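A.B. asks: Make a model of this:
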Amino acid sequence: MQSNSRGLVALVALAGLALMAPVAGCGGDESPITPTGSGGAGGTGGEGGGGGATCGNGVLEGNEACDDGNKAAGDGCELDCSFTCDNTNPDTGDAKCDDGNPCNGAETCSDKHTCDPGPNAADGTTCGASKICNAGVCVDDICGDGFVSPSEECDDGNTADGDGCDTCKFSCVSDDPTRDCSGLDPCVATACDEATHTCGNPVGDGQVCAMASVCVNGACAPIVCGDGIVHPGEECDDGNVVDGDGCQADCTLPSASVCGNGVRETGEQCDDSNTKNLDGCDSACKFEQVQRATWLKMQFAVDAAFCPANHLGGAIAAAAQGQLQTSLDQGVQNGSINILLKTLGLGDLSGTEDPAIEIGVIKGNPVIPMGAMYNGTADLDWWYTIDPTSINANREPLDKLTGFISASTLTAGPGNLTIGINFAGAPAALKMSSARLTMSVGAVSTPLASTGNTPGHLASENLDPALQTFASTGQPDDSGAGKLCGNVSATSLDQVPVPADLAAGGSIACGQGYTTQNSLLDVIVGGCTVFNIVTVITPSQPDQTDPNAPVAGAGGPYTLTTNAMTKQVNGCRDKDNQTVDFNTCLNAAAYSSFFKFATGRVIAK
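C.D. replies: Here you go, the predicted model:
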């Protein structure tokens, strides 16, 4: 029994030790635990612990507040097994965590006994005398750091002047006379912008910036007559101080710019002391662009795109084509064939682009002084006397085609015109309806100056010496030539006498027996054969009508009839084969025709 009693006492003692030991799995718990029994005798004391406790062994012993099994600081349980902070104890809780720095906020004690960081104060927050918070750190407040302190008006993050904030002071303030932009050149700035505090709103170039001064290239400069800029107070400024060129030496206009006073003034291209047209300088003192055909070819075939019908040319058989073309070539060269074209309303003398022009068709003859060498195929700026029958009382062309110039190509028509040619030795004024023309515009050149006679412009015309204008149109070859397509009236052909070579007794007299009483129309309608073998002209009827002429009967196409004895055309039938008034029919009936040409610049007189 005694032995058993000692064993029971030992068991009870062991049970008491067990009550003081940590519960398995809770060795990291930092919460305080109150022991239910005293520690075993003879235990070794640990650092920071009392009563034989060992701090850092993961066992809460003695007077340890916590033991997390390590010796790391700041994790809630410190090296001496005391709490880092205790939010239940006002003496050791939040105050122990807060480092006193206002820029990183007030640190607080968490329920895990760790110090949680506080929120950073806004950058720029004052944290002391001349100090501000920046990224949670209290630093010296300096100009240029981007933060506006109480002692600063602005802080744009730099120390550069003129950008609205200079040394942390506004560059300009409109109500501050020391900062009102008044010291700057007004051509650079005149007012303070309240939003940006920068000097702006400069006076523009050419505007007054001071007494007798204007802005020139952003700087205030004295007004100078002759600098090429029309300043306030100047009526003109042509870059020089010369009188008589349209702007006087004092930069005033002549007392009156009058066309016809013999002085070329502002807006005038010439002034020949009169207001007459077709004399080299027109009634508005503008240069007269006149061209003459220097190359002319009658076409005997069609142009599918531009002139799909050519009844007149198609009637001329191969046997006569060469002779007819030779007469045209000779007429152009010797000046007996003169087709003159005046461009009216021309604003672009280079002939590159002009949306609205007119082409006037006129007749004239070359001025050939005694001993002069004339060549109608090369007559640049030659003088031509205008035929009064082709112009009105104001010396303006009677025949005009409305047109335009685009990409250096002139196009005009349709309309009415008359051209004068030599038809195998017989002068012919061919009246055309529905006429159209197109031609390329050649290079520009300075018009020739006359020495007193043709060619060239007289000094009395006072032509602007800087003026240049296109010198030609079309090219003298089949591919580059200008084109004229129109319908020749039967009446105009009836007024052309039969070519002498085709009449009785002529070198190639027609077997039909035409006489001098016959017309070219008679030959075209009746045809012409030589020796009853060679066809010179194929009998042809008109294939077109003049849309502007009165209609005969039911209208065209018309069929012309001839007198069997005289071979003269003396009757007409309409499209319904009814006989109609002969004269009305001749005026309405027409033959399609096609010509190619090139021109050169000349001077009308």
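A.B. asks: Now D581. Nearest residue, chain neighbours left out?
C.D. replies: Spatially, and ignoring its direct neighbours in sequence, D581 is nearest to A552 (5.7 Å; Cβ to Cβ, 6 or more residues apart in numbering). The C-beta positions use only the backbone N, C-alpha and C, and glycine is treated the same way.
A.B. asks: Against A589, how distant is that neighbour?
C.D. replies: 8 Å (Cβ to Cβ, to the nearest Å).
A.B. asks: And those two? Which one has more around it.
C.D. replies: A589 (29 against 25; other Cβ atoms under 10 Å).
A.B. asks: ok now do the more buried one, which residues does it touch?
C.D. replies: If you count contacts by Cβ atoms under 8 Å, 6 or more residues apart in numbering, A589 has them with 489-490, 542, 544-546, 556-558, 560, 572.
A.B. asks: quick one, phi psi at it?
C.D. replies: Here is the backbone geometry of A589 (degrees, to the nearest 10): phi -80, psi 140.
A.B. asks: and it, what are its bridge partners?
C.D. replies: For A589, the beta-bridge partners are T545 (DSSP bridges).
A.B. asks: Distance check, it against G93.
C.D. replies: Distance from A589 to G93, by Cβ to Cβ: 124 Å.
A.B. asks: on that earlier part again, now list the buried members of the contacts of A589.
C.D. replies: 489-490, 542, 544-546, 556, 558, 560, 572 (16 or more other Cβ atoms under 10 Å).
A.B. asks: Could you pull up the residues touching the closest residue to C215 other than its chain neighbours?
C.D. replies: Distances taken as Cβ to Cβ, 6+ apart place C187 nearest to C215, at 3.7 Å, with adjacent residues excluded. By Cβ under 8 Å, 6+ apart, the contact set of C187 is 202-203, 205, 209, 215-216, 218-220.
A.B. asks: Need these in JSON lines (columns: secondary structure).
C.D. replies: Converted to JSON lines, the contacts of C187 look like this (DSSP: H, G, I helix; E, B strand; the rest coil):
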{"residue": "P202", "secondary structure": "coil"}
{"residue": "V203", "secondary structure": "coil"}
{"residue": "D205", "secondary structure": "coil"}
{"residue": "C209", "secondary structure": "strand"}
{"residue": "C215", "secondary structure": "strand"}
{"residue": "V216", "secondary structure": "strand"}
{"residue": "G218", "secondary structure": "coil"}
{"residue": "A219", "secondary structure": "strand"}
{"residue": "C220", "secondary structure": "strand"}
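A.B. asks: which pair in these spans the largest distance?
C.D. replies: Based on Cβ to Cβ, the longest span within the contacts of C187 runs between P202 and V216 and measures 12.6 Å.
A.B. asks: Helices of the stretch 251-400 of the chain, residue ranges please.
C.D. replies: 311-315, 318-334 (DSSP state H, counting those that start in this stretch).
A.B. asks: Can you say which of those is packed in most?
C.D. replies: helix 311-315 (a mean of 21; mean count of other Cβ atoms under 10 Å).
A.B. asks: other SSEs contacting it?
C.D. replies: Judged by 3 or more Cβ pairs under 8 Å, 6 or more residues apart in numbering; DSSP states H and E, the packing partners of helix 311-315 are strand 589-604.
A.B. asks: Show me the shaky parts of the stretch 351-500 of the chain.
C.D. replies: For the stretch 351-500 of the chain, applying pLDDT under 70 flags no range at all.
A.B. asks: oh sorry, the question was meant for the stretch 1-150 of the chain
C.D. replies: 1-52.
A.B. asks: Go again with 50.
C.D. replies: Along the stretch 1-150 of the chain, segments meeting pLDDT under 50 span 1-51.
A.B. asks: Show me which residues of stretch 221-231 are buried.
C.D. replies: 221, 223, 225-227, 229, 231.
A.B. asks: Could you pull up the residues touching the residue nearest to Q299 when sequence neighbours are not counted?
C.D. replies: Of all residues beyond its chain neighbours, the one nearest Q299 is F594 (4.0 Å), with distances taken as Cβ to Cβ, 6+ apart. By Cβ under 8 Å, 6+ apart, F594 lies in contact with 298-299, 301-303, 307, 310, 313, 483-485.
A.B. asks: Can you tell me how far F594 is from G452?
C.D. replies: For F594, the distance to G452 - Cβ to Cβ - is 42 Å.
A.B. asks: D272 too?
C.D. replies: D272 is 15 Å from G452, by Cβ to Cβ.
A.B. asks: who's more crowded, the two?
C.D. replies: D272 (22 against 8).
A.B. asks: how about that one, what does it touch?
C.D. replies: D272 neighbours (Cβ under 8 Å, 6+ apart): 260, 262, 279-281, 458, 460-462.
A.B. asks: repeat that for 10 Å
C.D. replies: 259-260, 262, 264, 279-282, 285, 457-463 (Cβ atoms under 10 Å, 6 or more residues apart in numbering).
A.B. asks: now G124
C.D. replies: Contacts of G124 (Cβ under 10 Å, 6+ apart): 132-134, 141, 145-149, 155.
A.B. asks: same thing but at 7 Å, please
C.D. replies: Applying Cβ atoms under 7 Å, 6 or more residues apart in numbering to G124 gives the contacts 132-133, 147.
A.B. asks: these two touch, right, T126 and N134?
C.D. replies: No. In this structure, T126 is not within contact of N134 by Cβ atoms under 7 Å, at 11.7 Å.
A.B. asks: So between these two, which is more surrounded?
C.D. replies: A direct count of neighbours by other Cβ under 10 Å for T126 and N134 places N134 higher, at 20 against 16.
A.B. asks: No more questions from me, cheers.
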